[in-house]
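**Student:** Pasting a predicted model and its sequence here:
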Amino acid sequence: MTITIYHNPRCGTSRNTLALIRNSGDEPVVIEYLKQVPSKQELQQILAAMSFSARQLMREKESVYQELGLADDKWSEDALVDVMLANPILINRPIVVTPLGTKLCRPSELVLEILPSAQRGEFRKEDGELVIGADGKRV
């Protein structure tokens with residue numbers, strides 16, 4: 001059983017999601033997508049698995065989004081995918097792929113919906129927020 005996380009270690013939400021996966025006892029395949037950009041086919045498969053359009057997966061607050069005028073309706077789905085591959089910072093994260101589904105995990109707790117294994121104990125986010133109690137159940 002493989003779990004894959006498209007991860008940015010500089011992102012707190014991504015770090016919390018990775019920690020929740022590990023708290024279930026599973027060690028995921030970690031793809032730092034800014035260094036190891038997915039192929040076009042891979043990104044299209046992820047979008048299809050989530051029933052997302054390319055625009056739904058884009059980080060609109062990135063400066064390159066504004067610079068390229070990506071809010072304009074002139075951009076086709078295929079062109080937006082190409083732009084994300086050329087500028088992977090535009091890909092929202094973390095994306096987790098498990099045998100139970102593919103999900104953009106914002107907030108990080110969304111990963112719990114697709115993890116095949118239960119949580120193994122207490123979990124607190126980096127900011128101290130208790131998410132999972134000592135009994136392994138969501139608080």
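**Tutor:** Cool, the structure landed.
**Student:** now the strands: where do they sit in the protein?
**Tutor:** 4-7, 29-32, 95-98, 101-104, 123-124, 130-132 (DSSP state E).
**Student:** and the fifth one, which strands flank it?
**Tutor:** Paired neighbours of strand 123-124 in the sheet (DSSP bridges): strand 130-132 (antiparallel).
**Student:** and what of the fourth one?
**Tutor:** Applying DSSP bridges, strand 101-104 is found paired with strand 95-98 (antiparallel).
**Student:** State the mean pLDDT of the partner strand.
**Tutor:** The average pLDDT for strand 95-98 rounds to 98.
**Student:** Relative to the whole chain's centre, how far out is it?
**Tutor:** 7 Å (C-alpha atoms, centre = their mean, to the nearest Å).
**Student:** quick one: low-confidence ranges for the chain?
**Tutor:** Applying pLDDT under 70 to the chain picks out no residues at all.
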